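Visitor: need a 3D model of the sequence below.
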Amino acid sequence: MLNNRTIPIRSGLLTLAATTVFAVASAQAVAQVPTQPAEGPAQQLPAQPPGTPAAPGGAAAASVPGGTQVAPAEEPPTEAEKLIDEAITKLSKLQSISADLEQDVEMLHQKFKMTGRYLKAPNTRIYLLLTIAPGFPDTSGRFLQVCDGETLWEAELVLDQSFYRKLRVKPILERLNSPDLDPEIKTKAFTQMGLSGPETFLIGLRKVIRFDIKEQVVLDGRKLWKIHGLWKSRQGLTFESRAVNPMGPLPPYIPMDATLYLGVDDGWPYQWLMQGREDTVVKDSRLRGPDGKIIGSKASIEKIPRTTITMTYSNVKLNTPIRLDEFVFQAPANAAVADDTESIEKTLDRAIEGSAMKKKSDAARKEGDILDQPINVPVPGEAPGESKPRE
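Guide: Numbers count the residues shown, from 1 in each chain. Just a heads-up that it's a prediction; the model follows:
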């Protein structure tokens, strides 16, 4: 799966966190793997406002006469999910964050560890450092993302190659804050650029995981909510481009059980764990020879281990002062730097124009609806002012 393979790291703390979901969906990526080569465009935003939003968890939307898509009705939140919603509210109000993070993955006989540091301060200041821990064979990577409120820098070191990108943040933020921009595009843009807060991770989990069990525990002297859940829907879950079984247990290499540890007081997601379930019946993986006889002994039957993906935060400090020099970065003088600011500006301008036109069209259509009051139309033989309403 990952042997002799480079792992370029995708930008954004929330992308790191979402890896635990993305890895389950694809069962092929356990780190931030970009959808394009590292030397390609750094950011890609939707070229136009999206259509009908996908139903949570990939559930198919129902159709009604006329072809209109209607998303399935959302179930009322469980008591466990209400705790997550409260945490989302708390996290969205944080002014500054400092935390160390670690992600451990065990998948298909391979182990992977990523460590990092995350800082956030007012005025769009972001710092994210991710490093693939030493000891992972034939693979190395280091990713740094820094924003001082003016310029967003990304620096990647993949094996012996370095890549640098930058964006001028202010003109992009001006467009993202336009009242005419579709809110969904705004959310996607902030997440893709790594500028959204940790609450976005929890919002994403609520869309795809149904949390229904909660209990209060104490770990390392801290009171936490331990919240358990399962996938809302398996639609869209694939392994090697094949859809997983929609019913029954999932294969052990695809995580099925999700556990979230939230701070009781601060709502911080101190740990996120996804695990597969052990096979209750070991399948005979041995081959058969030309004579139809099984090759090998029973001891040679391969047992597929369950996947375990864990993300843990430590040294978490909330709403404490952070030095501004932590958010300063400059690429080496001789480095090639990709700047996608202009292309993103044009993309957002088109999206804003499209949204504005749609609003005007909707307003015009509303004004052209059937009038609430009947129109008086005179008929032959009636004196002026004696016309009767025509329905």
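
Visitor: which residue ranges of the stretch 151-300 of the chain form helices?
Guide: Counting by DSSP state H, counting those that start in this stretch, the segments of the stretch 151-300 of the chain that form helices are 169-176, 183-192, 199-208.

Visitor: tell me the mean pLDDT for the shortest one?
Guide: The predicted model assigns helix 169-176 a mean pLDDT of 92.

Visitor: likewise for stretch 77-84?
Guide: 96.

Visitor: and if you look at stretch 234-249?
Guide: Stretch 234-249 comes out at a mean pLDDT of 73.

Visitor: tell me the span between the first and last residue of it.
Guide: Using C-alpha to C-alpha, to the nearest Å, one end of stretch 234-249 lies 11 Å from the other.

Visitor: give me the nearest residue to R222, chain neighbours excluded.
Guide: Of all residues not flanking R222 in the chain, G263 sits nearest, at 6.7 Å (C-beta to C-beta, 6 or more residues apart in numbering). From N, CA and C alone the C-beta is placed, and that goes for glycine too.

Visitor: so what's that neighbour up against?
Guide: 87, 222-225, 270 (C-beta atoms under 8 Å, 6 or more residues apart in numbering).

Visitor: any idea which of those is closest to D212?
Guide: W225 (13.2 Å; C-beta to C-beta).

Visitor: could I get the contacting residues of the nearest residue to the closest one once chain neighbours are set aside?
Guide: The shortest distance from W225 to any residue other than its chain neighbours is 4.5 Å, reached at L262 (C-beta to C-beta, 6+ apart). Counting by C-beta under 8 Å, 6+ apart, L262 touches 83-84, 87, 224-225, 227, 268-270.

Visitor: in JSON lines, list those along with neighbour count and distance to L205.
Guide: Shown next, in JSON lines, are the contacts of L262 (neighbours: other C-beta atoms under 10 Å; distance: C-beta to C-beta, whole Å):
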{"residue": "L83", "neighbour count": "20", "distance to L205": "12"}
{"residue": "I84", "neighbour count": "26", "distance to L205": "7"}
{"residue": "A87", "neighbour count": "23", "distance to L205": "10"}
{"residue": "L224", "neighbour count": "21", "distance to L205": "16"}
{"residue": "W225", "neighbour count": "20", "distance to L205": "14"}
{"residue": "I227", "neighbour count": "25", "distance to L205": "10"}
{"residue": "W268", "neighbour count": "21", "distance to L205": "14"}
{"residue": "P269", "neighbour count": "24", "distance to L205": "9"}
{"residue": "Y270", "neighbour count": "20", "distance to L205": "14"}
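
Visitor: top helix in this structure by residue count?
Guide: The longest helix of the chain (DSSP state H) is helix 341-367.

Visitor: got the end-to-end distance for stretch 246-259?
Guide: Termini of stretch 246-259 sit 21 Å apart (C-alpha to C-alpha).

Visitor: list the contacts of that stretch.
Guide: Contact with stretch 246-259 is made by 20, 23-24, 27, 107-108, 205, 209, 211, 226-231, 234-235, 237, 239, 244, 271-280, 304-309, as judged by C-beta under 8 Å, 6+ apart.

Visitor: what residues of the helix or strand containing Y118 count as buried?
Guide: Per DSSP states H and E: Y118 is located in strand 110-121. Buried positions in strand 110-121, judged by neighbour count with 16 or more other C-beta atoms under 10 Å: 112-114, 116-121.

Visitor: same check on stretch 164-171?
Guide: Neighbour-count burial for stretch 164-171, counted by 16+ other C-beta under 10 Å, picks out 164-169.

Visitor: what do you get for stretch 287-298?
Guide: Buried, per 16+ other C-beta under 10 Å, within stretch 287-298: nothing.

Visitor: quick one: average pLDDT of that stretch?
Guide: Per-residue scores along stretch 287-298 average to 76.

Visitor: and the two most separated of the contacts of G263?
Guide: Pairwise distances across those (C-beta to C-beta) peak at 14.2 Å, for the pair A87 and R222.

Visitor: by mean pLDDT, point me to the weakest helix or strand of this structure.
Guide: Across the helices and strands of the chain, mean pLDDT, DSSP states H and E gives its lowest value to helix 13-26, namely a mean of 37.

Visitor: hang on, the earlier thing: and of the contacts of G263, the nearest to E154?
Guide: Y270 (27.0 Å).

Visitor: any idea how far L129 is from that closest one?
Guide: 20 Å (C-beta to C-beta, to the nearest Å).

Visitor: same thing with R222?
Guide: 24 Å.

Visitor: likewise for Y253?
Guide: Relative to L129, and taking C-beta to C-beta, Y253 is found at 30 Å.

Visitor: re earlier: need the buried residues of strand 110-121 in a markdown table (columns: pLDDT).
Guide: As requested, those are exported to a markdown table (pLDDT from 0 to 100):
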| residue | pLDDT |
| --- | --- |
| F112 | 82 |
| K113 | 88 |
| M114 | 90 |
| G116 | 94 |
| R117 | 95 |
| Y118 | 95 |
| L119 | 96 |
| K120 | 95 |
| A121 | 95 |
